[in-house]
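Peer 1: Quick one: sequence and predicted model below, then my questions.
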Amino acid sequence: MSLFDASEEANRRQALPLAARMRPRCLEEFVGQRHFLGEGKLLRRLLKADRLGSVIFYGPPGTGKTTLARLLASESRSHFQQLSAVTSGVKELRAILSAAYDRLSAAGQKTLLFIDEIHRFNKAQQDVLLPDVENGVVILVGATTENPFFTINSALVSRSRVFPFEPLSTDDVKTLVRRALSDTERGLGRRKVHLHDDALRFLAEVSDGDARRAISALEVGVLSSDASPVEFTRQLAEESVQRKAIGYDRDGDTHYDTISALIKSIRGSDPDAALYWLARMLEGGEDVRFLARRIVILASEDVGNADPAALPLAVAAAGACELVGLPECQLTLAQAVTYLACAPKSNAATVGIGEARRDVREGRVLPVPVHLKDRHYAGAKRLGHGEGYQYAHDHPDAIAAQDYLGVQRQYYRPVERGFERELAERLKAIRARLRQGREQRREKGEG
């Protein structure tokens, strides 16, 4: 390379955003995704065994999908070819596949084809990939922010390993910010910058696991400051990301206090308060999966059978959040939260299972009545198992006068609200019939 070429290359490199310049140059520099890239984990093993096949990277932006694809090409000594599913068509794809075939035949070198936003390819475009993926002509690395099991052909998914990317932890983001600040070759290491601890913490938290966002904010803050050294304060951090801090700590007291306020507002049937606390958590960068899980739990814990539709709705909301992600899934969460807040409430099932488990833990363990024991094996009849059992469907309303526990216990006590009011009336008749069975066993000396 001539001095002129080297100068041009240096100029181009300097024009790159800081986040692009700081991309890891080897796997040892890569941060995050330890669940599949850590020592002894699947992707690391595939590389070590030189058996890297086609993979799909699925996860939010800024978590390292593109970067890792480049590193995989280097580690597997493959030619790296990048393609965007948004701007490329079948013609360009076929040309790349043809060149990959020639490269493999002539030089024995594999091609790692990285397709960004692969879910944007239609079925015909995805089908073009299948033969060369199956024959090993290319190592396909598809990146997507959408669930591949919904958006990518099942035939292509079945030929690929799916690696779900998780948002970077706050510690991971802090590591990358510090690295960008100290690196003298690619980063800001030649500048004098005093990064305040609360500013670093803010960047790590507000980035929502997106390293690019945190590093870009660092670059804006440093380059827009005339002072030397640059005092990178929390205020400067807030101004650099153009977002007002709302005082929300995902790992501290605010997190627990706010989710408590949300749950108690729903339980207390106040949809307006519930929406506010939901908004507070969303604006603070709360994990959507955490919110969805809490809503599913609440549907059973606090609504229960007073509205049997509450749990299916909450589960559907959790699935929708996985499918669409933010920002759209805020609408789904808002729908679920307001429905649950307005629904009739019952904790009867929650109280019932708590009392039953307490009886078991405290040693009140009851033997299974002989007539309820399994009788579908050789020798069961000789032991008397199942003798006297009454098949419920042979009786009026499918309720037999039969004892199912051996003692008098009432764990489930429906409330007089919503659908449980109907269950309570029905349960009165059921328990009267079951009481007959218990009394009959006692008369026979079986109780």
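Peer 2: Cool, the structure landed. Numbering: from 1, shown residues only.

Peer 1: From now on I want contacts and neighbour counts done on CA atoms only, so please keep to that.
Peer 2: OK.

Peer 1: what pLDDT does G445 get?
Peer 2: Looking at G445, its pLDDT reads 63.

Peer 1: If you could redo that for A69, that was the one I meant.
Peer 2: pLDDT, A69: 93.

Peer 1: Likewise for the one 10 residues further on?
Peer 2: The per-residue pLDDT reported for H79 equals 93.

Peer 1: Could I get the contacting residues of the closest residue to it other than its chain neighbours?
Peer 2: Among residues not flanking H79 along the chain, T111 sits closest, at 4.6 Å (CA to CA, 6 or more residues apart in numbering). By CA atoms under 8 Å, 6 or more residues apart in numbering, the contact list for T111 reads A73, S78, H79, F80, Q81, A100, R103, L104, V137, V138, I139.

Peer 1: May I see the residues you listed organised as JSON lines, with secondary structure and neighbour count added?
Peer 2: Formatted as JSON lines, those follow (DSSP: H, G, I helix; E, B strand; the rest coil; neighbours: other CA atoms under 10 Å):
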{"residue": "A73", "secondary structure": "helix", "neighbour count": "21"}
{"residue": "S78", "secondary structure": "coil", "neighbour count": "19"}
{"residue": "H79", "secondary structure": "strand", "neighbour count": "18"}
{"residue": "F80", "secondary structure": "strand", "neighbour count": "17"}
{"residue": "Q81", "secondary structure": "strand", "neighbour count": "17"}
{"residue": "A100", "secondary structure": "helix", "neighbour count": "23"}
{"residue": "R103", "secondary structure": "helix", "neighbour count": "16"}
{"residue": "L104", "secondary structure": "helix", "neighbour count": "18"}
{"residue": "V137", "secondary structure": "coil", "neighbour count": "24"}
{"residue": "V138", "secondary structure": "strand", "neighbour count": "27"}
{"residue": "I139", "secondary structure": "strand", "neighbour count": "27"}
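
Peer 1: closest to A401 among those?
Peer 2: Using CA to CA, I139 is the member of the contacts of T111 that sits closest to A401, with 66.2 Å.

Peer 1: how about stretch 356-373: buried residues?
Peer 2: For stretch 356-373, the neighbour count (16 or more other CA atoms under 10 Å) marks P369, V370, H371, L372, K373 as buried.

Peer 1: tell me, how many neighbours does the spatially closest residue to R34 that is not a sequence neighbour end up with?
Peer 2: Sequence neighbours aside, K41 is the residue nearest to R34 in space, at 7.9 Å (criterion: CA to CA, 6+ apart). Using other CA atoms under 10 Å, K41 has 12 neighbouring residues.

Peer 1: cool, and A314?
Peer 2: A314 has 27 nearby residues by other CA under 10 Å.

Peer 1: and the end-to-end length of stretch 44-61?
Peer 2: By CA to CA, to the nearest Å, the extent of stretch 44-61 from end to end equals 22 Å.

Peer 1: what mean pLDDT does it have?
Peer 2: 88.

Peer 1: Correct me if wrong: the residue nearest to R34 contacts H35.
Peer 2: Yes: between K41 and H35 there is a contact under CA atoms under 8 Å: 6.8 Å.

Peer 1: can you tell me how far the residue nearest to R34 sits from Q33?
Peer 2: 10 Å.

Peer 1: Identify the contacts common to the two.
Peer 2: Common contact partners of K41 and Q33 (CA under 8 Å, 6+ apart): none.

Peer 1: Tell me which residue lies nearest the centroid of this protein.
Peer 2: Nearest to the mean C-alpha position of the chain, by CA atoms, centre = their mean, lies R289 at 5.4 Å.

Peer 1: Which other helices and strands does the helix or strand hosting that residue contact?
Peer 2: Secondary structure from DSSP states H and E places R289 in helix 288-298. For helix 288-298, the elements it packs on are helix 310-324, helix 329-342, judged by 3 or more CA pairs under 8 Å, 6 or more residues apart in numbering; DSSP states H and E.

Peer 1: Adding distance to V86 and mean pLDDT as columns, could you present those helices in CSV?
Peer 2: Converted to CSV, the helices and strands packed on helix 288-298 look like this (distance: least, CA to CA, whole Å; pLDDT from 0 to 100):
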stretch, distance to V86, mean pLDDT
helix 310-324, 19, 93
helix 329-342, 23, 94
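
Peer 1: What are the buried residues along the top helix by length along the chain?
Peer 2: Ranked by number of residues, the top helix in the chain under DSSP state H is helix 419-443. Within helix 419-443, the residues scored as buried using 16+ other CA under 10 Å are F419, E420, L423, A424, L427, R433, L434, R435, G437, R438, E439, Q440.

Peer 1: three-state assignment of L278?
Peer 2: Classification of L278 by DSSP: H, G, I helix; E, B strand; the rest coil places it in helix.

Peer 1: wait, what's in contact with the closest residue to it other than its chain neighbours?
Peer 2: Spatially, and ignoring its direct neighbours in sequence, L278 is nearest to L262 (6.5 Å; CA to CA, 6+ apart). Taking CA under 8 Å, 6+ apart, we find L262 in contact with A273, A274, L275, W277, L278.

Peer 1: distance of L262 from D270?
Peer 2: L262 is 10 Å from D270, where distance means CA to CA.

Peer 1: What of R421?
Peer 2: Taking CA to CA, one finds R421 at 22 Å from D270.

Peer 1: How about Q335?
Peer 2: 14 Å.

Peer 1: Could you do S224 as well?
Peer 2: Taken as CA to CA, the span from S224 to D270 is 46 Å.
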